[in-house]
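> Sequence and predicted structure below; questions after.
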Amino acid sequence: MARATRSEEYDSEYVQVGLPNKPELSKLVKLAIGSECTMSKFAEKCETSLSTISRIVNPDYEIKNPVSPILIRKICDYSADRQQVTLDILMKANGMKSREEISNERYEERDRKERELREAIMSAILGRLEAQNLRYWQLQPGSAGMGGIVPSRFDLDVRSDYLCMIQGMEPRFFNFMLDRTSFMERESSWNNGSSRVTRYTSLFLMDCWESDILRDYWNFIVFTKKEVFDTMKSQLKELKFNSLISLMLIDPESGSITEEFVLPRNTKEPVKGLFGTE
């Protein structure tokens, strides 16, 4: 199989994301040509026709499609001004972005959505606590003991997205873990039932092996997708747990807690959900 040339590699590295900014592209190519080179000579260096360079330089000549990335690369290579005329700047003016930049933007957008969803979820939880006239204090995850002051003997680490104390309530600490499928737009094999349960292995093993560590905690696994909530509920509802663990479903758009299911315990005493939905 033939190896791709440098130009072909750059051609596949950038993709079209919009229309060229013709005035900006024209200005940049003029800077690339410089004052000591003719347009004809520059076209020759770039292995293209004078008419092609002329159409790019002419700000009044409309182009509907981006200039070939290979030609953009050559314009950059022979540019008289390497400070203002870089490959990324040229490609941006050409209506194109690198695949790496697009990937980074997607990660940033996902992180932004995750932050917004976290805020909506926590607002729903705290709003319900305040509606029930419950006084609470936020704590730093780990500061109350779990995985912190009282370390696991088996190096188990229970994740915490929000940890608080509620006045006059038992147990003392309330730990909320946001299910990561809430932040994923597409379902995948990672999101199937067995994989999802496996994500909480540390919590379930600690409940089994080190329930003494969890005696002061009520752990909540928070979901925003009903189908995911229902799947977890059906998989865990026949099991028995030593500590208090709830599955919680939140609608982040309305800011409401729609369901709470307390996992069955190895005790005959019935336990009502903290938020009174079930």
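Sure thing, it's come through. Please read these numbers as outputs of a predicted model, since none were measured by experiment. Residues are numbered from 1 along each chain as shown.
> Tell me which helix or strand the residue nearest the centre of the chain sits in.
The structure's the chain has its C-alpha centroid closest to Arg110; by C-alpha atoms, centre = their mean the separation is 3.0 Å. Element membership of Arg110, judged by DSSP states H and E, is helix 99-131.
> Summarise which helices and strands that helix is packed against.
For helix 99-131, the packing partners by 3 or more C-beta pairs under 8 Å, 6 or more residues apart in numbering; DSSP states H and E come out as strand 14-16, strand 162-166, strand 173-178, strand 244-251, strand 256-262. Any C-beta I mention is one placed from the backbone N, CA and C, and that applies to glycine too.
> Same list, these, but as CSV with mean neighbour count please.
Below are these laid out as CSV (neighbours: other C-beta atoms under 10 Å):
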stretch, mean neighbour count
strand 14-16, 18
strand 162-166, 18
strand 173-178, 22
strand 244-251, 23
strand 256-262, 18
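> What ranges does the stretch 1-150 of the chain have for its helices?
6-13, 22-33, 39-45, 50-57, 69-77, 87-93, 99-131 (DSSP state H, counting those that start in this stretch).
> possible to save the ones you listed as CSV with mean pLDDT and distance to Leu249?
Shown next, in CSV, are the helices of the stretch 1-150 of the chain (pLDDT from 0 to 100; distance: least, C-beta to C-beta, whole Å):
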stretch, mean pLDDT, distance to Leu249
helix 6-13, 56, 43
helix 22-33, 95, 49
helix 39-45, 95, 63
helix 50-57, 94, 56
helix 69-77, 94, 48
helix 87-93, 93, 43
helix 99-131, 83, 10
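> and of those helices, who's closest to Leu178?
Shortest separation from Leu178 across the helices of the stretch 1-150 of the chain is recorded for helix 99-131, at 6.2 Å, computed as C-beta to C-beta.
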